[in-house]
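[1] Sequence and predicted model, in that order:
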Amino acid sequence: MSLASVFNIAGTGMSAQSTRLNTISSNIANAESVSSSVDETYRARHPVFATMFQQSMGDGSVSLFAEQDQAGSGVQVLGIVEDQSNLKPRYEPNHPAADEGGYVYYPNVNVVEEMADMISASRAFQTNVEMMNTAKQMLQRVLTLGQ
């Protein structure tokens, strides 16, 4: 792996954490939205990440330990899934969005968990930025070796 590929890996990490921050923001923004039915109620969303591996060189040589020998070349977002945990029904018969039984359904968003995830995602983003800055400084020092 070359030093230049560090920029691609950190870039994909920053993109993935940006997607994670966006879904967390959406969850927090909809945490108190209500609905009169289970089907219409907002459900928390979470991104699904996967490691991207380097493509083989195409020379036909395959290692017996190919899965262990592969180096990661970044992270990709496979998609965003909805949390299927139970919604929070509350008995509020005077609420305008109440159903026939007087229940209002709140999303399955835990704001405390979302805030902890937001801190984690922002620190992961910051770590990728620091990794890019360190790689840039190393490349600049390599250029000054001949002076």
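    Nice, I can see it.

[2] now the helices: where do they sit in this structure?
    Along the chain, counting by DSSP state H, helices occupy 5-29, 66-69, 111-143.

[3] The longest one: how far from the chain's middle?
    If I follow you right, that is helix 111-143. 14 Å (CA atoms, centre = their mean, to the nearest Å).

[4] by contact count, what packs against that helix?
    helix 5-29 (3 or more CB pairs under 8 Å, 6 or more residues apart in numbering; DSSP states H and E). From N, CA and C alone the C-beta is placed, and that goes for glycine too.

[5] Next, the angle from the helix it packs on to helix 111-143.
    If you take axes from the mean of the first three to the mean of the last three CA atoms, to 10 degrees, helix 5-29 sits at 160 degrees to helix 111-143.

[6] so for helix 5-29, what's the average pLDDT?
    For helix 5-29, mean pLDDT rounds to 94.

[7] and what of stretch 101-121?
    On average, stretch 101-121 scores 94.

[8] That one: which residues count as buried?
    Buried residues in stretch 101-121, counted by 16 or more other CB atoms under 10 Å: 103, 104, 105, 106, 107, 108, 109, 110, 114, 117, 118, 121.

[9] re the thing from before, which among the helices of the chain is found nearest to residue 85?
    For the helices of the chain, distance to residue 85 was read as CB to CB. The smallest value, 11.4 Å, belongs to helix 111-143.

[10] rewinding a little: in a markdown table, list the helices of the chain along with distance to residue 80.
    Formatted as a markdown table, the helices of the chain follow (distance: least, CB to CB, whole Å):
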| stretch | distance to residue 80 |
| --- | --- |
| helix 5-29 | 6 |
| helix 66-69 | 27 |
| helix 111-143 | 14 |
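
[11] Deepest in the core, which of the ones you listed is it.
    helix 5-29 (a mean of 17; mean count of other CB atoms under 10 Å).

[12] List the contacts of the residue nearest the centre of the chain.
    The residue lying closest to the centre of the chain (CA atoms, centre = their mean) is residue 20, at 3.1 Å. Contacts for residue 20 (CB atoms under 8 Å, 6 or more residues apart in numbering) come out as 47, 117, 121, 124.

[13] ok, the first one - how many residues close by?
    Using other CB atoms under 10 Å as the criterion, residue 47 is surrounded by 18 other residues.

[14] From what I see, it and residue 18 are in contact.
    No: in this structure, residue 47 is not within contact of residue 18 by CB atoms under 8 Å, at 10.0 Å.
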